[in-house]
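**Q** Need coordinates for the below:
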Amino acid sequence: MVSFMKHTDETTSIGDRIVTARQCNQLTTAQLSRRLGVQTRTLTSWQNDSTQPRSNRLAMLAGVLGVSPQWLLMGEGYGPIRH
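**A** Predicted structure coming up:
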């Protein structure tokens, strides 16, 4: 189980936050994409900030990663504790 902390992180992008949360959950891009039911290239484009997930996928992504949707979008709210 991942520990969580409320914080503000305005210096990163949504893609950076997806990568951070994925790594804190010890998931590869392929593993996370399978859990979300999306193609690996779709998740990769989110992580690279080429595209952003739609709201339904954002909610699913937040749930799988155990973070708040607000943290993914804006860096505010509940995100993973960085060790």
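
**Q** which residues in this protein form strands?
**A** Remark: strands assigned in the chain by DSSP state E are 4-8, 76-80.

**Q** Lowest average pLDDT across the ones you listed?
**A** Here those differ in mean pLDDT, and the lowest is strand 4-8 at a mean of 47.

**Q** Residue 12 is in contact with residue 75, isn't it?
**A** Yes. Counting by CB atoms under 8 Å, residue 12 does reach residue 75; the two are 6.1 Å apart. From N, CA and C alone the C-beta is placed, and that goes for glycine too.

**Q** the more surrounded of the two?
**A** residue 75 (18 against 12; other CB atoms under 10 Å).

**Q** Got the phi and psi for that one?
**A** Backbone geometry at residue 75, expressed as degrees, to the nearest 10, gives phi 80, psi 20.

**Q** give the contact list for the residue nearest the centre of the chain.
**A** Centroid-nearest residue in the chain, with CA atoms, centre = their mean: residue 18, separated by 2.8 Å. Going by CB atoms under 8 Å, 6 or more residues apart in numbering, residue 18 touches 43, 46, 47, 61, 65, 72.
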